[in-house]
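>>> got a structure for you, letters missing:
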């Protein structure tokens, strides 16, 4: 019979999984307490959370057979609540700086992601960068039209002559 503490942890994990937009399982062995505090801070700034618990409880909460092989060693789970990619980027930035993490698997929209797929997600631009790019592309043609209309009359006639020649 499982203890009440373990049942509570599984319940908490399931609630966090339901709320999270993406999840990453990673091995944190080799990190110091200072490294772990720094990593938690970076992930929290990115809109996520890190939770360390027993591998068996993680496996029970996730309930996916494809994830079982990743649940060996000292594992932690990173949950992304606001932006699907920002906490994953924070994990990979920390990994590049220290080379102390091993990213194992991920979850997004009930799909299990391999390590390569999680790494590919980390290379995507952030949500704010994508929005800024979209705005710039939408704004571009209109801004060009405004420039043409505000040019001097001579420039406008020159543009119209060039269009007529084409």
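Cool, the structure landed. Because the structure is predicted, anything quoted here is derived from the model rather than measured. Numbering: from 1, shown residues only.

>>> do a quick rundown of the strands in the protein.
For the chain, the strands defined by DSSP state E cover 22-27, 48-52, 75-80, 102-108, 111-113.

>>> in a markdown table: those strands, plus distance to residue 13.
Just so you know, the C-beta spots here come from the backbone N, C-alpha and C atoms, and that holds for glycine as well. Below are the strands of the chain laid out as a markdown table (distance: least, CB to CB, whole Å):
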| stretch | distance to residue 13 |
| --- | --- |
| strand 22-27 | 10 |
| strand 48-52 | 7 |
| strand 75-80 | 7 |
| strand 102-108 | 12 |
| strand 111-113 | 16 |
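
>>> wait, residue 118 touches residue 102, no?
No - judged on CB atoms under 8 Å, residue 118 makes no contact with residue 102 at a distance of 11.3 Å.

>>> between those two, tell me which one has more neighbours.
Counted by other CB atoms under 10 Å, residue 118 and residue 102 do not tie: residue 118 has more neighbours, with 23 against 17.

>>> please name the residues that touch that one.
24, 88, 103, 105, 106 (CB atoms under 8 Å, 6 or more residues apart in numbering).

>>> which two of those residues have the greatest separation?
88 and 105 (12.0 Å; CB to CB).
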